[in-house]
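Visitor: what follows is a protein structure lacking sequence information:
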Ligand SMILES: C[S@@+](CC[C@H](N)C(=O)[O-])C[C@H]1O[C@@H](n2cnc3c(N)ncnc32)[C@H](O)[C@@H]1O
């Protein structure tokens, strides 16, 4: 199984880029991982912006990929539940599992309709930049749990 993490807009801060590189490198010890960026829509009303950004995210998504959206209103999982989800997708032969992080206004309905599930990292709202690191760290943690490695306590 391959992983793909999609997001909207450039990574602005150097320290966020370093965090992404760190955890992406760790995840790649377990599975191939691709990171892909959709262009941010600037200067449009929020509904238009999230609609256009959603279309761009969908263009980056392979037809056979299962899509998981990150959204503060989604299902809240523990790290072990996320690990179990990754393991289940791997074992059922999912070729590509994609996680998408929205832009400043979140997701429009068409991309929500394409998703298999929606998960929250917390009920709190984080910046779409910081969620990149939080998600990648949780994916890495999930693989250490699946491999019985001493990272998750
Ligand atoms: C600034 S938030 C968007 C907030 C927007 N008000 C909304 O309704 O989605 C940008 C993106 O970061 C991600 N995000 C922020 N907080 C999150 C959380 N607690 N759990 C999961 N994803 C989160 C989501 O993908 C969201 O689309």
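Guide: All right, it came through fine. Since this is a predicted model, take the numbers as computed values, not measurements. Numbering: from 1, shown residues only.
Visitor: need the contact list for residue 48.
Guide: If you count contacts by Cβ atoms under 8 Å, 6 or more residues apart in numbering, residue 48 has them with residue 41. The way it works is simple: take the backbone N, C-alpha and C, and place the C-beta from them, glycine included.
Visitor: 10 Å instead, please
Guide: Contact partners of residue 48, counting by Cβ atoms under 10 Å, 6 or more residues apart in numbering, are 41, 105, 108.
Visitor: same check, this time on residue 136
Guide: For residue 136, the contacting residues are 3, 5, 19-27, 33, 35, 99, by Cβ under 10 Å, 6+ apart.
Visitor: name only those of the residues you listed that count as buried.
Guide: Among these, those scoring as buried are 3, 5, 19, 20, 23, 24, 26, 27, 33, 99 (criterion: 16 or more other Cβ atoms under 10 Å).
Visitor: pick the one among those closest to residue 76.
Guide: residue 99 (15.5 Å; Cβ to Cβ).
Visitor: kindly state the beta-bridge partners for that closest one.
Guide: Beta bridges link residue 99 to residue 5, residue 68, judged by DSSP bridges.
Visitor: max-length helix in this structure?
Guide: helix 130-146 (DSSP state H).
Visitor: pull out the buried residues from it.
Guide: Neighbour counts over helix 130-146 (16+ other Cβ under 10 Å) mark 131-145 as buried.
Visitor: same thing with stretch 99-114?
Guide: In stretch 99-114, counting by 16+ other Cβ under 10 Å, buried: 99, 100, 101, 102, 103, 105, 106, 107, 108, 111, 114.
Visitor: mind checking which helix or strand residue 24 is in?
Guide: helix 14-27 (DSSP states H and E).
Visitor: if anything else comes up later, I'll come back, but that's it for now.
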